[in-house]
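**Q** Build the 3D model from these lines:
(2 chains)
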Amino acid sequence: MEYFVLGIGGTGMRCIESFIHLCAMGMLDDTTVHLLALDTDKNNGNFARLKAVKDAYLNVKDLDSSNRTTGKDCFFSANLKYYEFSPNYEQKSTFKDVFGYDDTHYNNRNASDLADLVFSGDVEEFNLRHGYRAQTHLGSMMMYHSIIEAVQSDFNNDLKRFLQSLIAASSNGKPRVFILGSVFGGTGASSIPIIPQAIAKAAGIISKGASNVMQNAYFGSTLLTAYFKFNLPSATERKEQKIIATSDKFALNSQVAMMFYQDDATVQTTYQKFYMIGTPGMDWDPMPQKTESGAKTITGGSEQKNDSHYIELFAACAALDFLKVEEDVLQTNKTNKKADYQYRSINDNGKMEFQDLVGQARAEEFAKKMSMLTILSILCNNPVYDFVSSLQNGAAKISGFEDVNPEQIKNLKDYFALYHFKAGGDDVLSEGWLRQLHRSAGGSDKFLFAAEMFAPQTVKEQTKSDWNQPFRNEGVCRDNGFSVKLFGNKYDKIKENFLKVYDGKDDMSASFTNRHEQMLKRIYDTLISVYKF
Amino acid sequence: MNKITTIQKLESLQGSTYVYAVIAMLVAFSISVIVAQMIAYQPRNDRSYVRRRLWSAIICVVFALGFWLYNQLVVIGTITKMPLQDKFAMTNLLCLVIIVIGYALLGLIGSLVFRKSKFATIFFKSANKKK
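**A** Residues are numbered from 1 along each chain as shown, chains lettered A, B, ... in the order given. The predicted structure follows:
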């Protein structure tokens, strides 16, 4: 199965990051996912982090891209095809430069007057390299034309490759396209309304009219409303930057955007499903260190590396849901030119449950796969265990894994550093995606797992912690875990089962050709058995 | 304990001593398996097999020597004639060899049959070492 997912803007990048983590958990078995990361600010710190996650994921599967395949009932089961596109604002960095305002003003006065009518002077002159800065009226037009120009260009690029895959999929069936982004910022908010038309038009150009993506593809998107705040800019910064997106306007932006998506006939005919996602408040500070040091407002660039928030996992789960929706539902909506608006609320006590993210039907599967990936991250990145490396180098005294490529293991550790934690030189655990999500949900036991899963701050504390009992005493999977024998330890139980997991049955890892994937499959089956799933 | 005064009684004692030696060897082996299973695998550089080997050797020595010493110090005193005592001393020595060799052989066979058990690491560092 093929699936097309676009992440747009800074929030879109973080949503793709969450989506990749879902893929790593094994939530998209037997699926090839075409991921297009689309951002105006290609130097953005979140964009860089997404690339690091993506690179680690792909190399964990196989260092050779041609050998990567999909899997089932294993970690990293989806095969990712990653593409990225950024409008080029290096040479021409303002609307006036891109539009050729001065020439137009001289040669076609009506056009420049029209531009002056809809755009204020500051909007025409601010630097576009850090995105559209909540100026969606400008951003929609700029993004649409950037996409069209990119496919009309003689140079091959990722966008063309993405569209070629989409064209191929739409000629063989009905591909699903999902867009991840926010409605309150700049790039995402500008692009969500126009992306279906833009990519359909671009696909038409590439296929010379042979492909009708708009007719064949199903479109879904998140409508992600404001959930964070950042420093308000000083008067000097406002003057320097001309236009700055300020978080005090995000709630208003969101409200207006939702009214637009409710009323606009065009988006309702192009999209089949919208997932409305939001938080009760906007208290989340995405860059606490920067705020504490009293830094200036960061409009973009490498310094803009926002921490992850649980709402981005909700958005990724919306993409997961869209893939699983019955085709009849989407076809009916498409025929009737109507979009469904989906939402789900969480428990009043503020404790997030697995079913809040994926629904009751998949809650157990999600709990199982997310918890097992988290346990593997502990076994892999906690230096006391260092399980995966010790399998490969023979230190675990289990033979048969000496030929696993150490480079892939390094990538697995890099991946888990981004997913969960990495032990620093002082044995303090760094904060990866999962720990950031836990913090954003309010800490303690509010985020899916038992509080003790996130309480340890050092290697020693984590080793002592009860990671053999990852779930809370209530809710889905509360009984999944294991106890330790009188003279045993947690690691002992895992190793014993790892040795015997395929006794008396077929070696399930044999379906993989890559030795590293074989090893991960064996670990997956071991953990499933040890945690009594 | 009855006094051993005749060759017939000695032969009967020799037979039962051999049986007790085999029983002692089986008990030692069982304890060795239990102790090996109780010793947990160690994370990272797993040297838990060293502890299992050590305990296995200690159990073997304790049982073999204990059995031999008991016969030498207690049982042999019930034999009234010196030539019969000499014969029994040889039997006792053979029992010692039976316990040590039998214990080792049983261990090796057990390790080969249950290659993925902790007990197998007494003979093979890797618990899943191929035959």
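
**Q** List the residue ranges of chain B that fall below the pLDDT cut-off.
**A** For chain B, the stretches with pLDDT under 70 are B:129-131.

**Q** what ranges do the strands span in it?
**A** Assigned by DSSP state E, chain B shows no strands.

**Q** Spell out which residues of it are next to chain A.
**A** B:38-46, B:49, B:116, B:118, B:121, B:125-130 (C-beta under 8 Å from any C-beta of the partner chain). For the C-beta atoms, the positions are set from N, CA and C on the backbone; glycine is no exception.

**Q** Repeat the analysis, applying 6 Å as the threshold.
**A** Contacts of chain B with chain A, taken as C-beta under 6 Å from any C-beta of the partner chain, map to B:38, B:40-41, B:43-46, B:116, B:125-129.

**Q** With neighbour count and distance to residue A:77 as extra columns, can I get these in TSV?
**A** Below are the residues of chain B next to chain A laid out as TSV (neighbours: other C-beta atoms under 10 Å in any protein chain shown; distance: C-beta to C-beta, whole Å):
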residue	neighbour count	distance to residue A:77
B:38	14	38
B:40	21	32
B:41	24	29
B:43	24	27
B:44	16	29
B:45	12	32
B:46	23	30
B:116	18	27
B:125	17	34
B:126	19	29
B:127	27	29
B:128	16	26
B:129	18	31
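
**Q** For those, please prepare a markdown table with the additional fields distance to residue A:459.
**A** Compiled in a markdown table, the residues of chain B next to chain A are given as follows (distance: C-beta to C-beta, whole Å):
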| residue | distance to residue A:459 |
| --- | --- |
| B:38 | 26 |
| B:40 | 19 |
| B:41 | 19 |
| B:43 | 12 |
| B:44 | 12 |
| B:45 | 16 |
| B:46 | 18 |
| B:116 | 29 |
| B:125 | 27 |
| B:126 | 27 |
| B:127 | 26 |
| B:128 | 28 |
| B:129 | 31 |
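
**Q** now, which of these sits nearest residue A:410?
**A** Residue A:410 lies nearest to residue B:44 out of the residues of chain B next to chain A, by C-beta to C-beta, at 16.9 Å.

**Q** The closest one and residue A:386 touch, don't they?
**A** Yes: if you go by C-beta atoms under 6 Å, residue B:44 and residue A:386 touch, sitting 5.2 Å apart.

**Q** quick one, what contacts the residue nearest to residue B:98 when sequence neighbours are not counted?
**A** Counting by C-beta to C-beta, 6 or more residues apart in numbering or on different chains, residue B:98 lies nearest to residue B:21, which is 5.0 Å off, once chain neighbours are set aside. Counting by C-beta atoms under 6 Å, 6 or more residues apart in numbering or on different chains, residue B:21 makes contact with B:95, B:98, B:99.

**Q** and with 8 Å instead?
**A** Residue B:21 makes contact with B:67, B:95, B:98, B:99, according to C-beta atoms under 8 Å, 6 or more residues apart in numbering or on different chains.

**Q** related to what we said a few turns ago, quickly list what's touching both of residue B:44 and residue A:386.
**A** With C-beta under 8 Å, 6+ apart as the test, residue B:44 and residue A:386 both reach residue A:395.

**Q** what's the distance between the nearest residue to residue A:37 once chain neighbours are set aside and residue A:7?
**A** Closest residue to residue A:37 apart from its sequence neighbours, by C-beta to C-beta, 6+ apart: residue A:84 at 4.4 Å. Residue A:84 sits 9 Å away from residue A:7, taking C-beta to C-beta, to the nearest Å as the criterion.

**Q** one step back: closest to residue A:329 among the contacts of residue B:21?
**A** residue B:99 (75.6 Å).

**Q** That closest one reaches residue B:66, doesn't it?
**A** No: using C-beta atoms under 8 Å, residue B:99 is not in contact with residue B:66, being 9.6 Å away.

**Q** Of those two, give the one with the bigger neighbour count.
**A** residue B:99 (27 against 13; other C-beta atoms under 10 Å in any protein chain shown).

**Q** which residues does that one contact?
**A** Neighbouring residues of residue B:99 by C-beta under 8 Å, 6+ apart: B:21, B:24, B:25, B:28, B:60, B:63, B:64, B:67.

**Q** Isn't the second one up against residue B:63?
**A** Yes: counting by C-beta under 8 Å, residue B:24 does reach residue B:63; the two are 5.4 Å apart.
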